[in-house]
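Colleague: Sequence first, then the predicted structure, then my questions.
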Amino acid sequence: MERREFLKCATAALAGRLLAHPFASIAQENSEGARSRPNIILIVADDLGYGDLACYGHPRNRTPHLDMLAKEGLKFTDFHANGPMCSPTRAAILTGQYPQRFGTPFESALSAKSPDIGLPVDAATIPQTLKKAGYATGMYGKWHLGYHPPHMPTYFGFDDFRGLLTGDGDHISHISRSGDEDWYHNERIEMEAGYSSDLITKHSIDFMRKNKDRPFFLYVAHLVIHFPWQAPGENAHREKGKDYWGLEKLGPHPEGQVAPVVQKMVEAVDRSVGEIMAAIKTLGLDGNTFVFFTSDNGGYRAYQGKFRGEVSSNGPCRGEKGEVWEGGHREPAIAWWPTRIAPGTVTHETAMTMDLLPTYAELAGAAAPKGVDGTTLTPLLFNGKPLPKRTVFWRKEKDWAVREGPWKLVGDEENCQLFNLDTDIGETTDVSAQNAGVVSEMLASFKTWERDVDGRSR
Ligand SMILES: [Ca+2]
């Protein structure tokens, strides 16, 4: 059966799922090219779950700045990380491609024990694309796409980088799991004192100030709320020269005492967003700056059976970080640009981190690189239009998932189950027996996708 026929079988009736868009006519008038190319700020939290923000229903975490961002912008209810781990999503963000195209190491977290692995040098990225359109490009925070030249941020189009290369440094001492210093300025170690999100925020605002008179792309890549679970103001946990590959990597707090620490980490993300938003306004950039906030994968509900219920909330979603259940990849996501995006809107359209590159390229008036898998979100953001119907995929080694409208097929090497997310966001009830045709079509789509991503060179 042709792939096109599978798509025809998609049962999603996406039209009409978006709430009314009061600014549609204004957005239409403004859509004739970017009269003035916007500044683009992408803020990505680490391991933040779908239910970790107050504006996504968390009962205790105080996130007033993110709540305000949603109130002034567009909140997604069905936005997804491309992977349930850090590296795949970060690769998809920067390249607009399925991370599986970069090989199986990109289906999970790159390990510092295999330090030669990194984002392929010929992968075309957001900063490279935007630089061609005259943008200044800065990245502050966590890279996790390679550990040495030529796999470092400055080799992929970032003019300036400060932050860590591995997946989890100590938030205070900036010592990696291997006991190494892990805080860089461009290609060199340049250790700094301060809590991770405070440093990232400071350098982000410095970059905005330096580049306020030209278009810029700022990638704010937070390490919070990833372990080690440490709150601002605590003493450092890791020391140089020691090994933290065991459970001591999680930080100094014993089971039973982690929940208030993680709450402070969530609130540190929120505080950073507040400071960046205040800087946008102080610098007079609020009319022409597009801000997008999301996370790289879902939260942990426990870790190896410990810390159960202490780490994250994935809201009503099943599963957690590392899994292809919704809890592994459905994310909070907020788009903000008051002069273009209607305030207080909510969309239920299905979107993904790989959609950011084509969106940004369009806003900058730049050509997107060849081979991008994502789709531009601009019709949705500015005109309230539904996105084109499509089928999207996740795969982490043996586990995989396919999404088409309300249907999600989740499988491994042996079995698969079908869920209707419109009525069962918690993936509780397998309806594959009643929908055998849907299953066979989605399975065929998945096989076609696998042949594509595993076989097509970039
Ligand atoms: Ca992560």
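Modeller: Yep, it's here. Just so we're clear, the structure is a prediction, and the values are computed from it rather than from any experiment.

Colleague: The ion contacts on the protein?
Modeller: Neighbours of the ion within the chain, by C-beta under 5 Å from the ion: Asp46, Asp47, Cys86, Asp296, Asn297. All C-beta atoms are positioned from the backbone trio N, CA, C, and that covers glycine.

Colleague: what number of residues lie near the closest residue to Pro99 other than its chain neighbours?
Modeller: Of all residues not flanking Pro99 in the chain, Pro88 sits nearest, at 3.7 Å (C-beta to C-beta, 6 or more residues apart in numbering). By the measure other C-beta atoms under 10 Å, the count of residues near Pro88 is 30.

Colleague: Report the contact partners of Pro88.
Modeller: Ala81, Asn82, Pro99, Gln100, Phe106, Glu107, Ser108, Lys396 (C-beta atoms under 8 Å, 6 or more residues apart in numbering).

Colleague: ditto for Lys202
Modeller: Contacts of Lys202 by C-beta under 8 Å, 6+ apart are Gly194.

Colleague: now with 6 Å?
Modeller: By C-beta atoms under 6 Å, 6 or more residues apart in numbering, no residues touch Lys202.

Colleague: That one should be in a strand, yeah?
Modeller: No. Remark: Lys202 does not belong to a strand; assigned using DSSP: H, G, I helix; E, B strand; the rest coil, it is helix.

Colleague: now the helices for the stretch 251-400 of the chain?
Modeller: Listed in chain order, the helices found in the stretch 251-400 of the chain under DSSP state H, counting those that start in this stretch are 259-282, 326-329, 356-364, 378-383.

Colleague: Just send those helices back as a markdown table, with mean pLDDT too.
Modeller: Formatted as a markdown table, the helices of the stretch 251-400 of the chain follow (pLDDT from 0 to 100):
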| stretch | mean pLDDT |
| --- | --- |
| helix 259-282 | 98 |
| helix 326-329 | 98 |
| helix 356-364 | 98 |
| helix 378-383 | 98 |
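
Colleague: Pick the most buried one from the ones you listed.
Modeller: Of all the helices of the stretch 251-400 of the chain, helix 326-329 has the most neighbours on average by mean count of other C-beta atoms under 10 Å, namely a mean of 30.

Colleague: which residues sit in contact with the residue in the stretch 301-450 of the chain that the ion sits nearest to?
Modeller: Using C-beta to the ion, the single residue of the stretch 301-450 of the chain nearest to the ion is Lys321, 6.7 Å away. Lys321 sits next to Asp47, Pro84, Asn297, Gly298, Tyr300, Gly328 when contact means C-beta under 6 Å, 6+ apart.

Colleague: distance between stretch 45-57 and the chain's centre?
Modeller: A distance of 12 Å separates the centroid of the chain from that of stretch 45-57, by C-alpha atoms, centre = their mean, to the nearest Å.

Colleague: With stretch 412-427 instead?
Modeller: 22 Å.

Colleague: same question, stretch 255-272
Modeller: The answer for stretch 255-272 is 19 Å, by C-alpha atoms, centre = their mean.

Colleague: CA atoms only: put that stretch into CSV for me.
Modeller: What follows is stretch 255-272, C-alpha atoms only, in CSV (Å, rounded to 0.1, in the frame of the first residue of the first chain):
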residue,chain,number,x,y,z
GLU,A,255,15.4,9.6,49.1
GLY,A,256,12.5,11.3,50.8
GLN,A,257,14.1,14.7,50.6
VAL,A,258,14.2,15.4,46.9
ALA,A,259,10.8,16.9,46.2
PRO,A,260,11.4,20.3,47.7
VAL,A,261,14.7,20.5,45.9
VAL,A,262,13.2,19.8,42.5
GLN,A,263,10.5,22.3,43.2
LYS,A,264,13.2,25.0,43.7
MET,A,265,14.8,23.9,40.5
VAL,A,266,11.5,24.3,38.6
GLU,A,267,11.1,27.7,40.1
ALA,A,268,14.7,28.5,39.1
VAL,A,269,13.7,27.9,35.4
ASP,A,270,10.7,30.2,36.0
ARG,A,271,12.9,32.9,37.5
SER,A,272,15.2,32.7,34.6
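
Colleague: quick one, strands of the stretch 101-250 of the chain?
Modeller: Taking DSSP state E, counting those that start in this stretch as the test, the strands found in the stretch 101-250 of the chain are 136-142, 160-164, 184-185, 188-189, 216-221.

Colleague: The third one - contacts with which helices or strands?
Modeller: Judged by 3 or more C-beta pairs under 6 Å, 6 or more residues apart in numbering; DSSP states H and E, strand 184-185 has no packing partners among the helices and strands.

Colleague: I'd like the average pLDDT over it.
Modeller: Mean pLDDT, computed over strand 184-185, is 98.

Colleague: So what's the gap between it and the chain middle?
Modeller: With C-alpha atoms, centre = their mean, you get 22 Å for strand 184-185.

Colleague: Quickly run through the sheet partners of that strand, with directions.
Modeller: strand 160-164 (antiparallel), strand 188-189 (antiparallel) (DSSP bridges).

Colleague: Residues contacting the first one, please?
Modeller: Residues external to strand 160-164 that are found in contact with it (C-beta under 6 Å, 6+ apart): Gly138, Met139, Tyr140, Gly141, Lys142, Pro153, Thr154, Asp182, Trp183, His185, Asn186, His203.

Colleague: Arg327 contacts Asn314, correct?
Modeller: For the record, residue 327 is Gly, not Arg. Yes. Gly327 is within contact range of Asn314, at 3.6 Å (criterion: C-beta atoms under 6 Å).

Colleague: From Ala361, how far out is the residue nearest to Pro99?
Modeller: Pro88 is 21 Å from Ala361, where distance means C-beta to C-beta, to the nearest Å.

Colleague: cool, Gly118 as well?
Modeller: 23 Å.

Colleague: From Thr359, how far out is the closest residue to Ser197 other than its chain neighbours?
Modeller: Spatial nearest neighbour of Ser197, excluding adjacent residues (C-beta to C-beta, 6+ apart): Ala268 at 4.5 Å. Ala268 is 27 Å from Thr359, where distance means C-beta to C-beta.

Colleague: Tell me how many other residues crowd His348.
Modeller: 13.

Colleague: Pop out the phi and psi values for it.
Modeller: Torsion angles at His348 (phi, psi; degrees, to the nearest 10) stand at phi -110, psi 10.

Colleague: For it, report the pLDDT, please.
Modeller: Model confidence at His348 (pLDDT) stands at 98.

Colleague: which SS state does Ile41 fall under?
Modeller: strand.

Colleague: tally of neighbours for it?
Modeller: Neighbours of Ile41 (other C-beta under 10 Å): 26.

Colleague: For it, list each beta-bridge partner.
Modeller: Leu218, Val291.

Colleague: same thing with the one 4 residues further on?
Modeller: Beta bridges link Ala45 to Ser295, judged by DSSP bridges.

Colleague: and it, what does it touch?
Modeller: Counted by C-beta under 6 Å, 6+ apart, Ala45 has contacts His222, Val269, Ser295.
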